[in-house]
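Enquirer: Pasted the sequence and its predicted model underneath.
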Amino acid sequence: MTYKLIKDFNLLANKKLLIWLNIWGIVVFISLLIFGAFYFVVSSLSINFLAMFLFFVTFFLILIIHELIHGLFFKLFKPEAKVKFGFKSGVAYATSPGSIYPKHQFIIVCLMPFVLITLLLCGLYLLGVNGIFLYFLFAMHTGGCVGDFYFFYLLLKQKDGTHVEDTEQGFKLYKQ
């Protein structure tokens, strides 16, 4: 199948965009923290160093799980595809270089970490895990999903029939 390149979104080469996305990630995180502050104050939870350590270890694990979910969906849609994981310019990533996906599949790849991790956190809450702990994890993870949300936004603006090639720097759009 032959594809014609429409646009190359090189996220890592666009330092201004990276800064902008990081700022938006922080804004989302802080907004969610402010929203949850009332509950935090009301609950009078005492924070100790062990709880803080466990929080950051758990958040690090969520970052790993987030990227593994991207990789899982790359493989579900293209079992023959190679998936690579890495960290560049302050951004953790999963990529399937050289693989081309229909727009709707790539949207799913982008959004599933947010959806599945949010459902996991909600499930843990229902099982009795501390709500404040989970809320802070949710806030940090949601802030970290800003790049995925940005890709989703860019893809929504594309015509049906658009295909997406994932790259280590971002993605390329093609039409048939």
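Expert: Here it is on my side, so go on.

Enquirer: The residue positioned nearest the centre of the chain: what's it in contact with?
Expert: For the chain, the residue nearest the mean C-alpha position is residue 145 (3.5 Å; C-alpha atoms, centre = their mean). Residue 145 makes contact with 25, 66, 113, 114, according to C-beta atoms under 8 Å, 6 or more residues apart in numbering. C-betas here are computed from N, CA, C, even on glycine.

Enquirer: so where's the chain uncertain?
Expert: 1, 33-48 (pLDDT under 70).

Enquirer: all helices of the protein, in order?
Expert: With DSSP state H applied, the chain shows helices at 15-43, 49-77, 103-126, 131-144, 146-156, listed in chain order.

Enquirer: Tell me which of those is the most buried.
Expert: Among the helices of the chain, the stretch with the highest mean neighbour count (mean count of other C-beta atoms under 10 Å) is helix 131-144, at a mean of 19.

Enquirer: now that helix against helix 49-77, angle please.
Expert: For helix 131-144 against helix 49-77, the angle by axes from the mean of the first three to the mean of the last three C-alpha atoms, to 10 degrees is 50 degrees.

Enquirer: distance between helix 131-144 and the chain's centre?
Expert: Averaging C-alpha coordinates over helix 131-144 and over its chain gives two centres that are 13 Å apart (C-alpha atoms, centre = their mean, to the nearest Å).

Enquirer: again with stretch 83-100
Expert: With C-alpha atoms, centre = their mean as the basis, the mean position of stretch 83-100 lies at 12 Å from the chain mean.
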